[in-house]
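In: Coordinates for the following, if possible.
(chains A and B)
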Number of protein chains: 2
Amino acid sequence: MTATPQHAPPQAAGGWVVIAGLGPGDEALVTPEVAAAIADATDVVGYLPYVRRVADRPGLRRHESDNRVEIERARHALSLAAEGGRVVVVSSGDPGVFAMASAVFEAVEHGLPGWRTLDIRVLPGVTAMLAAAARVGAPLGHDFCAINLSDNLKPWSLVERRLRLAVEADFAMALYNPRSKARPDGFGQALALLRTLCKPARLLVFARAVSTPEEAIQIVPLAQAEPEMADMRTVVLVGAATTRLIPRDPRPFVYTPRSVSA
Amino acid sequence: MTATPQHAPPQAAGGWVVIAGLGPGDEALVTPEVAAAIADATDVVGYLPYVRRVADRPGLRRHESDNRVEIERARHALSLAAEGGRVVVVSSGDPGVFAMASAVFEAVEHGLPGWRTLDIRVLPGVTAMLAAAARVGAPLGHDFCAINLSDNLKPWSLVERRLRLAVEADFAMALYNPRSKARPDGFGQALALLRTLCKPARLLVFARAVSTPEEAIQIVPLAQAEPEMADMRTVVLVGAATTRLIPRDPRPFVYTPRSVSA
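Out: Take a look at the predicted model:
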């Protein structure tokens, strides 16, 4: 405890926080590293449907919370660890991509000084865009970007600006959180913008709940893309101008070639 | 075999190709799905150091090849599967990110018609940028892009154009393949360009061989970044303008906040 800064509250020994990625849904996509951390935890903290993915066992305390309370959840996890808890904060996919890792570090920066001396680790996972891309081929096989379409935490104008610049750079794109009940219209605006910037044949992949029993994949040209094809469990991949379709039954392959000629 | 198109050569039953991501190095980051595919394979195909990551066992044929022969390697894997082989093509990280998946689909598109009817699947993995980001905090916690700095398969002018547009969009960035013996100068040019576009305090993370015994992490402001900090085993993360450093011993945390104000 000698490294504890002045004014920090005393901390119980042995506590830690692990922010762990559970992958897109299938247990076969959870890394052994994450499984081991969960097996060693006293507390699991997270958004309700992700906590429910962790099997119950004696001695494991479960702390389920609602969506949109990420900072409160992060502070709770840090408090539990400061009291000696071995705390796993669970995220779907990878915790560093539009998930809990950033929220935990924000809570650390603005929280109790003692939280900075805690043992805090992030364990990576298979993020939604990689699982979705794998399902259809290799649409992210060249340079690409990932954009969170939610404007809960940034202005919508910034979303549109990034879409414009991503098309100008000819990045393939992964669009996270495209559409929700609370945000029914943004994704339609994004599609309308893409139609002004890209040819109608530009390839889109709507990948819903990949690797779960509810998995559904649609591959369509931009001209046929509809806002209703996406919900909060969908990641939308937008091909680059070079992205290609290989016809095939029952579903084509989609891939972006590694080469761009001068 | 009824779905085999006309003119396709006859195929032996039961063959398949799986393009599998081995993650960044640590066995604890290999998904159970990938481990199961390797256990069921008759052939493992890939770049020599990745094939050597697969444990030897009776009945497993190993096909190691050199770097830069991706299409030949892909055609070899497809031929083996067409003869009935259960073939795993191994990539480091995720196979869909600057790795073998795109090369295999390119070989399918331009190869024998019968290859299109093969059972070909991509199994995702933990790509280098996610492992690197996890190690230091959450530098990719907001919108970001991934750029392959190699100009083997695209003109260098396109690399520079994408760097400019990524800074304009204020994406955090993951730069893959920053520097090699054959390309000693490009990364220095990229750093010089970034210095004209970003403030000197912009945060960079040099993450080498994450999760292996050779792991080395350096976190520096752009002003102190040197080309020699990177090699072919390094992924370089460039923070967004909003990316923050939380001082801490022995190593600070780096994270990009989820919010951007209007």
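In: Residue A:216 bridge partners, please.
Out: Taking DSSP bridges as the rule, residue A:216 bridges to residue A:208.
In: Double-check it against residue A:229; I have them as touching.
Out: No. Under the criterion of Cβ atoms under 8 Å, residue A:216 makes no contact with residue A:229, lying 9.4 Å away. C-beta: built from backbone N, CA, C; applies to glycine.
In: what sits in contact with each of the two?
Out: The contact sets of residue A:216 and residue A:229 overlap at residue A:206 (Cβ atoms under 8 Å, 6 or more residues apart in numbering or on different chains).
In: Let me see the ranges of the strands in the stretch 51-200 of chain A.
Out: Remark: strands assigned in the stretch 51-200 of chain A by DSSP state E, counting those that start in this stretch are A:61-65, A:86-91, A:119-123, A:137-138, A:144-148, A:172-176.
In: Name every strand pairing with the first one and say which way it goes.
Out: In its sheet, strand A:61-65 lies beside strand A:43-47 (parallel), with partners assigned from DSSP bridges.
In: and the partner strand with strand A:86-91, angle?
Out: Going by axes from the mean of the first three to the mean of the last three Cα atoms, to 10 degrees, strand A:43-47 is angled at 20 degrees with respect to strand A:86-91.
In: rewinding a little: okay if I get the strands of the stretch 51-200 of chain A as CSV plus mean neighbour count?
Out: Below are those laid out as CSV (neighbours: other Cβ atoms under 10 Å in any protein chain shown):
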stretch, mean neighbour count
strand A:61-65, 14
strand A:86-91, 27
strand A:119-123, 22
strand A:137-138, 30
strand A:144-148, 26
strand A:172-176, 25
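In: quick one, helices of the stretch 151-262 of chain A?
Out: A:156-169, A:186-197 (DSSP state H, counting those that start in this stretch).
In: Out of these, which one sits most buried?
Out: Of these, the one with the most neighbours on average (mean count of other Cβ atoms under 10 Å in any protein chain shown) is helix A:156-169, at a mean of 19.
In: contact partners of it?
Out: Outside helix A:156-169, the residues within contact range by Cβ under 8 Å, 6+ apart are A:143, A:145, A:147, A:149, A:151, A:173, A:186, A:189-190, A:193-194, A:197-198, B:143, B:145, B:161-162, B:165-166, B:168-169, B:171, B:260, B:262.
In: For the strands of the stretch 51-200 of chain A, give me CSV that also has mean pLDDT.
Out: Putting those into CSV (pLDDT from 0 to 100) gives the following:
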stretch, mean pLDDT
strand A:61-65, 96
strand A:86-91, 98
strand A:119-123, 98
strand A:137-138, 98
strand A:144-148, 98
strand A:172-176, 98
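In: Go through those strands and name the closest to residue B:125.
Out: strand A:137-138 (13.1 Å; Cβ to Cβ).
In: picking up where we left off before, could I get the helices of the stretch 151-262 of chain A in a markdown table, plus columns for mean pLDDT?
Out: Formatted as a markdown table, the helices of the stretch 151-262 of chain A follow (pLDDT from 0 to 100):
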| stretch | mean pLDDT |
| --- | --- |
| helix A:156-169 | 98 |
| helix A:186-197 | 98 |
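In: would you turn the ones you listed into CSV with distance to residue A:43?
Out: Formatted as CSV, these follow (distance: least, Cβ to Cβ, whole Å):
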stretch, distance to residue A:43
helix A:156-169, 35
helix A:186-197, 35
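In: Which segments of chain A make up each domain?
Out: Chain A is divided into the following domains under automatic domain parsing: A:16-126, A:129-255.
In: okay if I get those domains as a markdown table plus distance to residue B:246?
Out: Below are these laid out as a markdown table (distance: least, Cβ to Cβ, whole Å):
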| stretch | distance to residue B:246 |
| --- | --- |
| domain A:16-126 | 5 |
| domain A:129-255 | 19 |
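In: which one of the helices of the stretch 151-262 of chain A lies closest to residue B:85?
Out: Checking the helices of the stretch 151-262 of chain A against residue B:85 by Cβ to Cβ gives helix A:156-169 as the closest, at 39.5 Å.
In: who has more neighbours, residue A:216 and residue A:229?
Out: When residue A:216 and residue A:229 are compared for neighbours, residue A:229 comes out ahead with 19 against 13, by other Cβ atoms under 10 Å in any protein chain shown.
In: so where's the stretch 1-150 of chain A uncertain?
Out: A:1-12 (pLDDT under 70).
In: just the helices in it please.
Out: All helices of the stretch 1-150 of chain A, identified by DSSP H, counting those that start in this stretch, fall at A:32-39, A:48-51, A:70-82, A:100-109, A:128-136.
In: could you check the angle strand A:86-91 makes with the fourth one?
Out: Taking the same axes, to 10 degrees, one finds that helix A:100-109 is oriented at 130 degrees with respect to strand A:86-91.
In: Please apply the same query to the longest one.
Out: Angular relation of helix A:70-82 and strand A:86-91 on a 0 to 180 degree scale: 160 degrees, by the same axes, to 10 degrees.
In: can you list contacts of helix A:70-82?
Out: With Cβ under 8 Å, 6+ apart as the test, helix A:70-82 has contacts from A:9, A:11-12, A:15-17, A:43, A:45-47, A:63, A:65, A:87, A:89, A:100, A:103-104, A:106-108, A:111-112, A:114-115, A:118-120, B:258.
In: how close does residue A:153 get to residue A:119?
Out: Shown here: residue A:153 relative to residue A:119, a distance of 28 Å by Cβ to Cβ, to the nearest Å.
In: How about residue A:240?
Out: The spacing between residue A:240 and residue A:119, counted by Cβ to Cβ, is 41 Å.
In: Please apply the same query to residue A:257.
Out: From residue A:257 over to residue A:119 the distance is 44 Å, taken as Cβ to Cβ.
In: tally of neighbours for residue A:200?
Out: By the criterion of other Cβ under 10 Å, residue A:200 has 10 neighbours.
In: So which residues on the stretch 151-262 of chain A come close to chain B?
Out: Taking Cβ under 8 Å from any Cβ of the partner chain as the measure of proximity, the stretch 151-262 of chain A contacts chain B at A:153-155, A:157-158, A:161-162, A:165-166, A:168-169, A:171, A:244, A:246, A:248-249, A:253, A:255-262.
In: how about 7 Å then?
Out: A:153-155, A:158, A:161-162, A:165-166, A:168-169, A:171, A:244, A:246, A:248-249, A:253, A:255-260, A:262 (Cβ under 7 Å from any Cβ of the partner chain).
In: Quick check: residue A:102 touching residue B:253?
Out: No. Taking contact to mean Cβ atoms under 7 Å, the distance of 10.6 Å between residue A:102 and residue B:253 leaves them out of contact.
In: Neighbour count: these two, which is higher?
Out: Taking neighbours as other Cβ under 10 Å, residue A:102 and residue B:253 compare with residue A:102 leading, 28 against 22.
In: what's the spacing between that one and chain B?
Out: 3 Å (Cβ to the nearest Cβ, to the nearest Å).
In: Next up, the contacts around that residue.
Out: B:138, B:141, B:255, B:256, B:257, B:258 (Cβ atoms under 7 Å, 6 or more residues apart in numbering or on different chains).
In: May I see those residues organised as TSV, with distance to chain A added?
Out: Listed next are these as TSV, based on distance: Cβ to the nearest Cβ, whole Å:
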residue	distance to chain A
B:138	4
B:141	3
B:255	4
B:256	6
B:257	6
B:258	5
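In: Quick check: residue A:105 touching residue B:255?
Out: Yes. Judged on Cβ under 7 Å, residue A:105 makes contact with residue B:255 at a distance of 3.7 Å.
In: And those two? Which one has more around it.
Out: residue B:255 (31 against 27).
In: And the pLDDT for the more buried one?
Out: Looking at residue B:255, its pLDDT stands at 98.
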